[in-house]
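K.L.:
Sequence first, then the predicted structure, then my questions.
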Amino acid sequence: MDAYDVLRHTAESEEPAVLATVIGVEGHAYRKSGAMMLLLVNGGKVGSISPGCLESDLSERVPIVLESGEPEIVHYNMKPEEDIVWGETVGCGGKLRILLEPVAGELRMTLREAYRHMEAGEAVRLVRRGAEPALCYALEAAGGNAAIGASSAGGDATESFYAVRLEPRPRLVMFGAGQDLDPIFAAAGRIGFRLAVADWRAGLLSADRFPGAELVSGTAAEIAAKLRLSSADYVIVCGHQLRKDREMLEMLLPIKPAYVGVMGSSSRIRLLFKGLSMPAFVHAPVGLAIGADGPEEIAISIAAELIVERRLLQRLGGADEDEREDRGYLFSGWTEPKDGQAEAGSRACSR
């Protein structure tokens with residue numbers, strides 16, 4: 001979740017930096033339109049927009065952008081037949097347009113406001129209007145065009161703009177704090193989930209073991225109430241205690257979370273769900289079928305399944321049970337629209 005890390009760094013630091021955002025993609029690319037990273041003056045970075053092949057060139061542009069105080073659009077052609085240097089080095093075979101902006105003034109304030117919305121669990125759209133170098137910024141509610149933090153600027157009635165949807169990190173609740181949870185906890189944190197760990201054994205829950213996570217102990221009903229479990233949550237049931245896991249499932253199924261993964265063998269799953277339905281949002285046994293063996297490999301299979309489901313729900317904008325039933329799996333993203341005209345692509349709008 002590079003966007004979240006970028007916004008958090010901007011909110012917590014006054015360090016000069018340049019925001020790099022992919023605003024157009026043609027052909028194949030490592031990241032799609034809307035991907036962003038922060039380039040720091042000391043050569044550091046937050047996030048990524050390439051496998052590392054473009055970062056050095058972009059970092060060299062940081063002093064120039066900061067000195068000018070104006071945004072700049074950089075074009076990269078990585079098609080082998082058109083650019084032998086980029087083509088052989090990168091091998092992606094696509095064209096990229098990257099917007100570089102000094103993080104200062106109005107942009108810094110807008111990014112900080114976006115971070116506050118993401119921390120509150122609210123998706124927003126970061127909109128840039130105008131023509132470089134006279135860009136102005138606004139935040140819009142993700143579901144419509146209502147401005148929630150806008151600025152004004154002069155210009156034509158119709159102007160190009162770049163819009164990026166910023167999603168809050170979804171919450172993953174893990175029920176059952178046995179030793180096999182540790183690699184799952186670590187993997188889920190790395191792929192951008194807010195984490196909560198729940199167990200009926202309070203002694204297994206500690207901030208040292210689960211740094212940054214919500215920690216809740218009690219019965220299934222108490223856990224659901226304390227965490228305010230909702231349909232937006234992702235949940236993994238891995239208590240390894242048949243009665244406790246069953247009680248948690250009975251609490252979860254009426255809530256209809258975005259995702260419920262249940263750990264266990266096929267025979268254990270049959271016992272757990274005896275007399276219960278298994279809706280499309282339930283994945284039992286949990287994880288993609290990659291032949292995983294042992295806690296570390298199982299954690300990877302679970303992380304992969306979480307990524308698939310999260311991407312799918314992002315595409316659908318949320319889905320009812322019937323839509324999820326017919327969803328199919330998507331292992332590597334989806335096709336970029338022609339000329340990179342995705343959410344972050346260049347468009348025209350009326351002001």
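P.N.:
In hand now; what should we look at?
K.L.:
low pLDDT regions in the stretch 51-200 of the chain?
P.N.:
Within the stretch 51-200 of the chain, the segments meeting pLDDT under 70 span 79-93, 132, 143-160.
K.L.:
All the strands of it, in order from the start?
P.N.:
For the stretch 51-200 of the chain, applying DSSP state E, counting those that start in this stretch gives strands covering 72-77, 95-102, 124-131, 134-141, 147-150, 158-166, 171-175, 194-199.
K.L.:
For V282, which of the ones you listed is the nearest?
P.N.:
For the strands of the stretch 51-200 of the chain, proximity to V282 was assessed by C-beta to C-beta; strand 171-175 is nearest, at 13.7 Å. All C-beta atoms are positioned from the backbone trio N, CA, C, and that covers glycine.
K.L.:
How far off centre is that closest one?
P.N.:
In this view, strand 171-175 has its centroid 16 Å away from the chain centroid, taken as C-alpha atoms, centre = their mean, to the nearest Å.
K.L.:
what does stretch 273-291 give?
P.N.:
Stretch 273-291 has its average C-alpha position 24 Å from the chain's average C-alpha position, going by C-alpha atoms, centre = their mean.
K.L.:
what do you get for stretch 231-250?
P.N.:
For stretch 231-250, the distance between its averaged C-alpha position and the chain's averaged C-alpha position is 24 Å (C-alpha atoms, centre = their mean).
K.L.:
and A207, how far is that from R228?
P.N.:
Applying C-beta to C-beta, to the nearest Å, one obtains 21 Å for the distance of A207 from R228.
K.L.:
picking up where we left off before, most packed of the strands of the stretch 51-200 of the chain?
P.N.:
The highest average neighbour count among the strands of the stretch 51-200 of the chain, using mean count of other C-beta atoms under 10 Å, belongs to strand 171-175 at a mean of 26.
K.L.:
With C53 as the reference, measure out to K45.
P.N.:
According to C-beta to C-beta, K45 stands 13 Å off from C53.
K.L.:
So between these two, which is more surrounded?
P.N.:
K45 (21 against 15; other C-beta atoms under 10 Å).
K.L.:
give the contact list for the residue nearest to S277 when sequence neighbours are not counted.
P.N.:
Leaving out its chain neighbours, the residue that sits closest to S277 by C-beta to C-beta, 6 or more residues apart in numbering is L253, at 6.9 Å. The neighbourhood of L253, defined by C-beta atoms under 8 Å, 6 or more residues apart in numbering, consists of 260, 276-277, 279, 282.
K.L.:
And for M118?
P.N.:
For M118, the contacting residues are 4, 7, 124, 166-169, taking C-beta under 8 Å, 6+ apart as the criterion.
K.L.:
Okay, and which of those residues map to helices?
P.N.:
Residues from those lying in helices, with DSSP state H as the criterion: 4, 7.
K.L.:
farthest-separated two in the contacts of M118?
P.N.:
Using C-beta to C-beta, the contacts of M118 reach their maximum pairwise distance at V124 and R169, which is 13.6 Å.
K.L.:
Tell me what L215 is bridged to.
P.N.:
Applying DSSP bridges to L215 gives these bridge partners: V197.
K.L.:
burial measure for it, as a count.
P.N.:
17.
K.L.:
Quick check: it vs K244, distance?
P.N.:
Plainly put, L215 is 17 Å away from K244 if you go by C-beta to C-beta.
K.L.:
can you pull out the helices in this protein?
P.N.:
Counting by DSSP H, the segments of the chain that form helices are 2-12, 55-68, 84-90, 105-119, 181-190, 220-227, 242-255, 266-272, 295-316, 321-325.
K.L.:
any weak-confidence spans in the stretch 201-350 of the chain?
P.N.:
Within the stretch 201-350 of the chain, the stretches with pLDDT under 70 are 317-350.
K.L.:
how about 50 then?
P.N.:
Of all residues in the stretch 201-350 of the chain, those with pLDDT under 50 make up the ranges 319, 323-350.
K.L.:
Just give the nearest non-adjacent residue to P257, would you?
P.N.:
Using C-beta to C-beta, 6+ apart, the closest residue to P257 is D233 (4.7 Å).
K.L.:
what's near enough to touch the one you found?
P.N.:
Applying C-beta under 8 Å, 6+ apart, the residues contacting D233 are 170-173, 227, 255, 257-258.
K.L.:
Can I get these in JSON lines including distance to A141?
P.N.:
Converted to JSON lines, the contacts of D233 look like this (distance: C-beta to C-beta, whole Å):
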{"residue": "P170", "distance to A141": "18"}
{"residue": "R171", "distance to A141": "21"}
{"residue": "L172", "distance to A141": "25"}
{"residue": "V173", "distance to A141": "26"}
{"residue": "L227", "distance to A141": "26"}
{"residue": "I255", "distance to A141": "25"}
{"residue": "P257", "distance to A141": "24"}
{"residue": "A258", "distance to A141": "20"}
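K.L.:
Alright, that wraps it up for me.
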